[in-house]
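> What follows is a protein structure lacking sequence information:
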């Protein structure tokens, strides 16, 4: 299969890297609005009318530009997909065959990820295109699943909780650590084990801590520490309230059980 | 070194398992209020007055019982430590030499953890006891650090964010997933990568997502999805509010930058 990648941000760069390691897929061209320095492939363009023939065109651009961009593509009846978790299929232009190729992972610059384990969520309007996307996904991942737009929105929402919000909790804890002349490295084994536990336990089984135990004394002590830190300006004003809300949300799960 | 473990909950069981693999330390006795079925060592007791001589006594019991329990120990001038993140050293009885031996990790039943990478935070009232605890820690871990009670409280508070609260975010995402006939396994590579990223990036560098980008449209869509789910009773009432607060807390970090 020959594919063209449209855009060269984080997701695009990681996808190109993955496809370059695949025997079944060739990235024949990369389009980007600005010139690409050090492109991994020869054929790059900044001009839409220069786009060459390919089996699949993958738009890896910010959510809000995807609809307009798909409209501006200067050809018809080819397979054009995007990589977004939250943009519905129908927002792609009707000029071309629509599809979604959503790799469910967080991509950072300069960080290699193992695509084999990354779920690729695909969607298309007919079986032929769906099969093409499944084949494309299988060339880089062991887990390709068909997910419709409605489910994908929910999946992306759930991903925000386990990735963006979790990372923000790391950030808050790093601030508490730094403020007290401690080393964030101390928390890294705990951060890793908390995630690794999910391989064997459900989140409900894995839950521990003061809120789970309804340990009011520790909760009060923690809130006092946070309020003190917040008043001296070393923590964001939202943190004590976040602690209270997360604690209450865990307590709600206990269903009145005294644990 | 000969040690006695007092209590046989999760932390105690994991500690005993770790010390059994150590050449330098022998667990000579385990005390527990109720009789231990299938004890890993011979000498177990439910009677405090049966406690035998040892170099260190490790109280691995719930926070709120530690002070009283340490008072009831029927001997004096030996080294008695607890394993709690939030109980200050001074709450141990003055009858014995006080210390803390806090393994900074989350322990679940039936889950083996690699002690070598777990930070052991030690505290004592004099150098001789501190050195004994450092030696004890080094027998099972490559990372033994001296941390005073005040720092340990903060460390424990930070641990609540990266472990208990993070696990609760996993729980919320699992509910969103289940409600939509999706498979929680889809999120596991993301959960793991979010944690593993901390080896190479700071939380601030690793932050991505709608809040980081100030992507108001996606944030509004997510809140609508959560409010709908909450109204049909499939999500806890606290979840939409949690989404808003975590989003706002991330936005506060952007310092007004339009990203």
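Structure's in. What do you need? This one's a predicted model, so the numbers in the text were calculated from it and none came from an experiment. Numbering: from 1, shown residues only, chains lettered A, B, ... in the order given.

> end to end, how far does stretch A:66-82 reach?
End-to-end span of stretch A:66-82 (Cα to Cα, to the nearest Å): 7 Å.

> Would you map the helices across chain A?
A:10-20, A:66-72, A:127-138, A:149-159, A:166-179, A:188-196, A:203-206, A:210-213, A:216-231, A:238-253 (DSSP state H).

> Which residue comes closest to the residue in the stretch 51-200 of chain A positioned nearest to chain B once chain neighbours are left out?
When scored by Cβ to the nearest Cβ, the stretch 51-200 of chain A has residue A:164 as its residue closest to chain B, at 3.2 Å. From N, CA and C alone the C-beta is placed, and that goes for glycine too. Excluding the flanking residues, the one nearest residue A:164 by Cβ to Cβ, 6 or more residues apart in numbering or on different chains is residue B:209, at 3.2 Å.

> can you pull up the bridge partners for residue A:4?
Under DSSP bridges, the beta-bridge partners of residue A:4 are residue A:29, residue A:57.

> Against residue A:209, how distant is it?
Using Cβ to Cβ, to the nearest Å, residue A:4 is found at 49 Å from residue A:209.

> what do you get for residue A:146?
The value you get for residue A:146 to residue A:209, if Cβ to Cβ is used, is 38 Å.

> Pick out whichever of the two has more residues nearby.
residue A:209 (20 against 14; other Cβ atoms under 10 Å in any protein chain shown).

> Contact partners for the more buried one?
A:250, B:160, B:163-164 (Cβ atoms under 8 Å, 6 or more residues apart in numbering or on different chains).

> Need the distance between the two termini of stretch A:155-169.
Note: stretch A:155-169 ends 20 Å apart using Cα to Cα.

> Flag the shaky bits of chain A, pLDDT-wise.
Per-residue confidence for chain A (pLDDT under 70) gives these ranges: A:255-259.

> returning to that earlier point: the helices of chain A into TSV, with extra columns for distance to chain B?
Output for the helices of chain A, formatted as TSV (distance: least, Cβ to the nearest Cβ, whole Å):
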stretch	distance to chain B
helix A:10-20	8
helix A:66-72	12
helix A:127-138	13
helix A:149-159	4
helix A:166-179	4
helix A:188-196	4
helix A:203-206	4
helix A:210-213	6
helix A:216-231	5
helix A:238-253	4
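
> between those helices, which gets nearest to residue A:109?
helix A:10-20 (6.2 Å; Cβ to Cβ).

> hang on, the earlier thing: need the helices of chain A in a markdown table (columns: mean neighbour count).
Listed next are the helices of chain A as a markdown table, based on neighbours: other Cβ atoms under 10 Å in any protein chain shown:
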| stretch | mean neighbour count |
| --- | --- |
| helix A:10-20 | 20 |
| helix A:66-72 | 16 |
| helix A:127-138 | 17 |
| helix A:149-159 | 22 |
| helix A:166-179 | 23 |
| helix A:188-196 | 21 |
| helix A:203-206 | 18 |
| helix A:210-213 | 22 |
| helix A:216-231 | 16 |
| helix A:238-253 | 19 |
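
> The nearest residue to residue A:187 once chain neighbours are set aside - how many residues pack around it?
In this structure, residue A:187 finds its nearest non-sequential neighbour in residue B:162, 5.4 Å apart by Cβ to Cβ, 6+ apart. Neighbour count of residue B:162, defined by other Cβ under 10 Å: 30.

> For residue B:162, which residues are in contact?
A:169-170, A:173, A:187, A:190-191, A:194.

> so which of these comes closest to residue B:40?
Looking across those and measuring by Cβ to Cβ, the closest to residue B:40 is residue A:190, at 24.8 Å.

> Contact residues of the stretch 1-150 of chain A facing chain B?
A:62-64, A:86, A:104-106, A:108, A:111, A:113, A:117-119, A:121, A:143, A:145, A:147, A:150 (Cβ under 8 Å from any Cβ of the partner chain).

> From these, keep the buried residues only.
Using 16 or more other Cβ atoms under 10 Å in any protein chain shown as the burial test, the residues of the stretch 1-150 of chain A next to chain B include A:63, A:86, A:104-106, A:108, A:111, A:113, A:118-119, A:121, A:143, A:145, A:147 as buried.

> Need the max-distance pair from those.
Going by Cβ to Cβ, the pair spanning these furthest: A:111 and A:147, at 24.9 Å.

> List the contacts of stretch A:149-156.
With Cβ under 8 Å, 6+ apart as the criterion, stretch A:149-156 contacts A:85-86, A:88-90, A:100, A:102, A:104, A:121, A:123, A:147, B:176-177, B:179-182, B:186-187, B:221, B:225.

> Residue A:39 contacts residue A:30, doesn't it?
Yes: contact criterion Cβ atoms under 8 Å: residue A:39 and residue A:30 qualify, at 6.2 Å.

> check contacts around residue A:1.
A:24-26, A:55-56, A:132, A:135-136, A:139.

> Format those as JSON lines; extra columns: distance to residue A:81.
Output for those, formatted as JSON lines (distance: Cβ to Cβ, whole Å):
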{"residue": "A:24", "distance to residue A:81": "17"}
{"residue": "A:25", "distance to residue A:81": "13"}
{"residue": "A:26", "distance to residue A:81": "17"}
{"residue": "A:55", "distance to residue A:81": "11"}
{"residue": "A:56", "distance to residue A:81": "6"}
{"residue": "A:132", "distance to residue A:81": "9"}
{"residue": "A:135", "distance to residue A:81": "13"}
{"residue": "A:136", "distance to residue A:81": "9"}
{"residue": "A:139", "distance to residue A:81": "14"}
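
> Relative to residue A:71, which of the residues you listed is nearest.
For the contacts of residue A:1, the nearest to residue A:71 is residue A:56 (18.2 Å; Cβ to Cβ).

> re earlier: check the contacts of residue A:1 against residue A:243 and report the nearest one.
residue A:136 (44.4 Å).

> wait, that closest one sits on residue A:27?
No: counting by Cβ under 8 Å, residue A:27 is not a contact partner of residue A:136; they are 11.3 Å apart.

> Overlap in contacts, those two.
Shared contacts of residue A:136 and residue A:27, counting by Cβ under 8 Å, 6+ apart, come down to residue A:3.

> Let me see the domain layout of chain A.
For chain A, automatic domain parsing gives the domain ranges A:2-147, A:153-253.

> Of all those domains, which one comes closest to residue B:216?
domain A:2-147 (10.0 Å).

> how distant is that closest one from the center of its chain?
15 Å (Cα atoms, centre = their mean, to the nearest Å).

> can you check stretch A:197-213 too?
23 Å.

> Now do the end-to-end distance for it.
Taking Cα to Cα as the criterion, the two ends of stretch A:197-213 lie 19 Å apart.

> returning to what we had before: residues that sit against both of residue A:39 and residue A:30, list them.
Joint contacts of residue A:39 and residue A:30 (Cβ under 8 Å, 6+ apart) are residue A:8.

> between these two, who's got more neighbours?
Per other Cβ under 10 Å, whichever of residue A:39 and residue A:30 has more neighbours is residue A:30, with 23 against 14.

> my guess is the more buried one meets residue A:17, correct?
No: in this structure, residue A:30 is not within contact of residue A:17 by Cβ under 8 Å, at 11.8 Å.

> contacting residues for the residue of chain A positioned farthest from its centre?
Using Cα atoms, centre = their mean, the residue of chain A lying farthest from its centre is residue A:217. It sits 37.4 Å away. Residues near residue A:217 by Cβ under 8 Å, 6+ apart: B:63-64.
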